[in-house]
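Peer 1: Following is a predicted model, sequence given first.
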Amino acid sequence: MYSRSSEPVKFERDCEAVMVPQGDEVTLPAGSVGYITQALGGSFTVFVEGNLFRIAGVDADALGKEPPEPIELPDNATDEDIEKLAWQQMRTCFDPEIPVNIVELGLVYSCQISHGDDGSRRIAVTMTLTAPGCGMGDILVQDVTDKLEMIPTVVEADVELVFDPPWNQGMMSEAARLETGMM
């Protein structure tokens, strides 16, 4: 789901939100009015009273929207299937200000699957940010963690934020450079 328009919205209930780009957590009260400026990967960026806020997909109902569907996985799924799904899930994680997912931005350095003694799976991800001082860093890391832990059989996702090597525009996919005008 993607929206570049400014769709009017009225909050149907109190809703947890994160200020962009500061990363401060706030509650927007029921009845607040604003505009959805971005709807990507199941989360929403809304403009309310002069500020941008990120609304998580689990709170989509506060905006009158549907929350994301649960992930289904065949019983005989292999580690390769899980890794493919993990990359798909990370492609649903977006910086609230940039309409490009974190994989295409080149922010994800690695994704590895391991097993617990009970056969459960763990995912270890190494990623970075476009800028070390980004106030949304913790929010993006939590978004990746949450979306990976939605995968059946995955009991834990460990997302490590690193700044070496530092991110640069050359790490972006060609599609991401086109989308952001950085060709």
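Peer 2: Cool, got the structure. Numbering: from 1, shown residues only.

Peer 1: Which secondary structure state does the nearest residue to Asn51 once chain neighbours are set aside sit in?
Peer 2: For Asn51, ignoring the flanking residues on the chain, the nearest one in space by CB to CB, 6 or more residues apart in numbering is Met19 at 6.1 Å. Every C-beta, even on glycine, is put in place using the N, C-alpha and C of the backbone. Taken by DSSP: H, G, I helix; E, B strand; the rest coil, the conformation at Met19 corresponds to strand.

Peer 1: now swap in Val144 and tell me
Peer 2: On the basis of three-state DSSP, Val144 is classed as helix.

Peer 1: Could you check how many residues crowd around Met182?
Peer 2: 11 (other CB atoms under 10 Å).

Peer 1: Could you pull up the residues touching it?
Peer 2: 169, 172, 176 (CB atoms under 8 Å, 6 or more residues apart in numbering).

Peer 1: Quick check: of the residues you listed, which lies closest to Gly42?
Peer 2: Ala176 (19.2 Å; CB to CB).

Peer 1: would JSON lines of the contacts of Met182 with distance to Met136 and neighbour count be doable?
Peer 2: Putting these into JSON lines (distance: CB to CB, whole Å; neighbours: other CB atoms under 10 Å) gives the following:
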{"residue": "Gln169", "distance to Met136": "18", "neighbour count": "13"}
{"residue": "Met172", "distance to Met136": "18", "neighbour count": "21"}
{"residue": "Ala176", "distance to Met136": "17", "neighbour count": "20"}
